[in-house]
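Chemist: Give me coordinates for this.
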Amino acid sequence: MSGLQNFLTPFSHLVFANRDKVILFLGLLLAWFTVWLLVTRWRNERLHRDLASAKSAGPSSSGGRRYVTNAPVVEEAPVESGGALPPVKGGRTYARNLGTALQKAGMAPQIYSPPSPPGWAPNTGPTQPNAGQPPYAPPQNVP
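Modeler: Take a look at the predicted model:
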């Protein structure tokens, strides 16, 4: 045990030299832990109380907390607008459904291409010079 005492001797000197700060730190740590335990206990009690009241009262409870339920979505009547895009409801899926909405409306998605600078002729030829040809010679079977 003397090896452990020899190891702890400098640290005990630090603790006793700064014992007011160590006591304050340990007190704050104990207070934080106590408050955390109390808050956790209060949350659990409230949850159990809400669950018990929800089970006893059924789905049409008028008291306690209100939780989000899956309410049925009311569909709106489609508005006819001659050739325009179908109405798309906003939200997270708007960008995901935009291509589908364009296809349903019969409109192809248009890709913006900036105007050509002056003196440049637009490229009207094929984009690849060897279109349709294999990029390499076919293998030859040599017996």
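Chemist: worst-scoring helix or strand of the chain, pLDDT-wise?
Modeler: helix 94-104 (a mean of 71; mean pLDDT, DSSP states H and E).
Chemist: Tell me where the longest helix sits in this protein.
Modeler: The longest helix of the chain (DSSP state H) is helix 19-57.
Chemist: quick check: mean pLDDT across that one?
Modeler: Helix 19-57 carries an average pLDDT of 94.
Chemist: Assign a three-state SS to Ala108, would you?
Modeler: Secondary structure, DSSP: H, G, I helix; E, B strand; the rest coil: Ala108 is coil.
Chemist: Surely it and Leu102 touch.
Modeler: Yes. Ala108 is within contact range of Leu102, at 7.1 Å (criterion: CB atoms under 8 Å). Backbone N, C-alpha and C define where each C-beta goes, glycine included.
Chemist: neighbour-wise, which of those two wins?
Modeler: It is Leu102, of Ala108 and Leu102, that has more neighbours when counted by other CB atoms under 10 Å, with 16 against 8.
Chemist: Pull up the gap between Ala17 and Phe11, please.
Modeler: Distance, Ala17 to Phe11, by CB to CB, to the nearest Å: 11 Å.
Chemist: And for Arg19?
Modeler: Arg19 is 13 Å from Phe11, by CB to CB.
Chemist: now do Val22
Modeler: The separation that Val22 has from Phe11, given CB to CB, amounts to 11 Å.
Chemist: which one of those two has more residues nearby?
Modeler: Taking neighbours as other CB under 10 Å, Val22 and Phe11 compare with Val22 leading, 13 against 9.
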